[in-house]
Structure formats: C-alpha cells, structure tokens
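**Student:** Could you work out the structure for the sequence below:
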Amino acid sequence: MKKLEAQANRAGRLAAMGEMAVKIAHEIRNPLGSIELFASLLQKELEENVDLKMLCEHICSGVKRINNIISNLLLFIRPEQTPEMQVLYMHESLTDSLFFAEHLINTNTGIDVVTHFAERPLKIYGDPHLLSQVSLNLILNALQAMPDGGQLTISTGIRKDLHGSEIAEIRYADTGCGISPDNMSKIFDPFFTTKKKGTGLGLAIVHNITKAHGGTIDINSSESQGTECIVSLPLWQPAMNAQDKPQRE
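**Tutor:** Numbers count the residues shown, from 1 in each chain. The predicted structure is shown next:
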C-alpha cells in the first residue's frame with residue numbers, strides 16, 4: 001500500500017510539472033529557431049573571417065544543446081499523448097537497446113554487461129521507440145554510476161500481480177555508487193540530478209513512458225553498493241481485445 005501511495009503521489013507531481021514543462025519548452029523553442037537561422041546566415045557571410053565564423057559555430061552548437069534539452073522535455077510529455085503501440089518481443093527490444101548503447105559501454109572501461117533472459121519469449125504491447133528510450137536511459141544511468149568500472153546485470157522474468165495477471169519484469173542492477181537515502185524521494189523529480197552535466201529528466205521520462213504502458217518502475221539502492229531498477233510491464237495475452245489492452249491513467 002505504501003508503494004502504491006508513493007507511485008500515485010509521484011504520478012500527480014510529475015503530471016503537474018509536465019504541464020508547466022511543455023509550455024516552457026514551446027516558448028523557448030520558437031525564438032531558438034530564429035537564433036539558429038540568423039547564426040547560420042552569419043556563418044555563411046563570414047567565410048573569410050575565421051574568428052567571427054568560429055563565434056557563430058559556438059552559437060549554433062549552444063543552440064543545438066538547448067534544443068536537445070527541449071527535446072527531452074517534450075519526450076517527458078509525449079507518453080501522455082499517443083504512443084504507437086504494437087505487439088513486440090521484449091527480449092528483441094532489449095537486444096536492440098544494448099546494440100545502440102554498445103559505444104557508450106565500450107568507452108567506459110572496466111564495465112561488464114551480463115544478461116539473463118527468461119527462457120520463455122515475453123510478448124508485450126508497447127511503443128518500441130519509447131521502450132527503447134527507457135532501456136537506454138537506465139543503461140546510461142548505470143554506466144554513469146560506475147566511473148571506475150563494475151558490472152551491469154540485465155535480467156528478465158515473470159511474476160503475477162494481485163489479480164493473478166502475468167507481469168514481465170526487467171531488472172537493471174549495477175554495482176555502482178548507489179543513491180543516498182536523502183535523494184531517494186527526489187530521483188523521479190524533473191531537473192533533479194547529482195550529475196554535473198545531467199538534465200535530471202532521465203528517470204522522469206522513464207516513469208512517464210512506463211506508466212503510459214500500464215507498468216511501473218521501482219528502484220532499490222544502497223549507497224556505495226549499487227542500484228537495481230525494476231521495470232514491470234503487462235504481458236501480452238493472445239485473447240486481448242481493444243478493451244483489455246493496458247490503459248494509461
């Protein structure tokens with residue numbers, strides 16, 4: 001009951017912040033497009049002036065960084081709209097995410113990734129691009145929590161909920177720095193981060209996407225010992241009809 005209450009409070013808090021965030025995102029993106037356009041035009045006019053052209057390149061680079069942050073803000077909102085849902089195999093989705101994260105994993109020396117997938121194929125009903133974003137965000141968090149190396153274990157399994165329905169679970173367990181007790185209640189808040197270059201939107205996005213798929217995200221962590229993120233999603237049942245599909249609250 002405490003866990004359900006915490007999830008409900010988190011959902012309400014994120015919904016309110018989400019409405020504010022999307023308004024801010026659109027207000028910033030409009031003048032940002034003009035800045036990028038004018039900087040690009042200046043850049044073409046300054047082909048012979050290397051120093052001034054370099055300044056324009058810095059402006060364009062800064063605009064792209066701001067635009068990336070705005071895109072994350074809009075992704076934070078998007079699951080509340082209309083995900084492109086389809087039946088998919090969860091293990092294939094995870095394998096694709098690991099492929100895209102391979103470069104990040106290889107550039108972090110001393111990181112060992114271990115997978116333990118359930119023998120049974122796990123079908124779920126979801127948006128492959130959004131679910132891939134969940135995996136990539138959680139993998140990235142795990143890598144950043146292990147700057148000196150460690151092990152990331154990704155495992156899948158099945159459990160039953162209170163109503164006896166089968167639930168697919170994905171567990172991302174790292175051996176990193178863990179989360180302090182003081183920060184545990186804040187980790188899903190947008191813009192909360194302990195990283196120097198983080199935007200603090202990663203877990204907020206994960207929460208919203210998971211919720212949009214009728215699932216939940218739970219995190220267990222011990223400071224200096226590691227963190228385990230558990231994503232739970234309803235298994236696809238062949239007998240499901242349109243009324244039985246996971247609904248967004």
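
**Student:** Which strand runs longest in the chain?
**Tutor:** Ordering each strand of the chain by length in residues (DSSP state E) puts strand 150-160 first.

**Student:** helices and strands around that strand, which ones?
**Tutor:** Helices and strands touching strand 150-160, as assessed by 3 or more C-beta pairs under 8 Å, 6 or more residues apart in numbering; DSSP states H and E, comprise helix 90-100, strand 111-116, helix 128-144, strand 166-174. (C-beta placed from N, C-alpha, C; glycine too.)

**Student:** if we go to 10 Å?
**Tutor:** Here strand 150-160 touches helix 90-100, strand 111-116, helix 128-144, strand 166-174, strand 226-234, going by 3 or more C-beta pairs under 10 Å, 6 or more residues apart in numbering; DSSP states H and E.

**Student:** ok, residue 88 touching residue 95?
**Tutor:** No - with contact defined as C-beta atoms under 10 Å, residue 88 does not reach residue 95; the gap is 11.7 Å.

**Student:** If you count surrounding residues, which of the two has more?
**Tutor:** Counted by other C-beta atoms under 10 Å, residue 88 and residue 95 do not tie: residue 88 has more neighbours, with 17 against 13.

**Student:** Report the contact partners of that one.
**Tutor:** 122-128, 131, 236 (C-beta atoms under 10 Å, 6 or more residues apart in numbering).

**Student:** how does it look with 8 Å?
**Tutor:** Neighbouring residues of residue 88 by C-beta atoms under 8 Å, 6 or more residues apart in numbering: 123-126, 128, 131.

**Student:** cool, residue 67 as well?
**Tutor:** Residue 67 neighbours (C-beta under 8 Å, 6+ apart): 29, 32, 36.

**Student:** ok, those vs residue 170, which is closest?
**Tutor:** residue 29 (32.9 Å; C-beta to C-beta).

**Student:** That closest one: what secondary structure?
**Tutor:** Following DSSP: H, G, I helix; E, B strand; the rest coil, the label given to residue 29 is helix.

**Student:** confidence score at the residue nearest to it when sequence neighbours are not counted?
**Tutor:** Nearest non-adjacent residue to residue 29, counting by C-beta to C-beta, 6 or more residues apart in numbering: residue 70, 5.4 Å away. Looking at residue 70, its pLDDT stands at 73.

**Student:** Sounds good, over and out.
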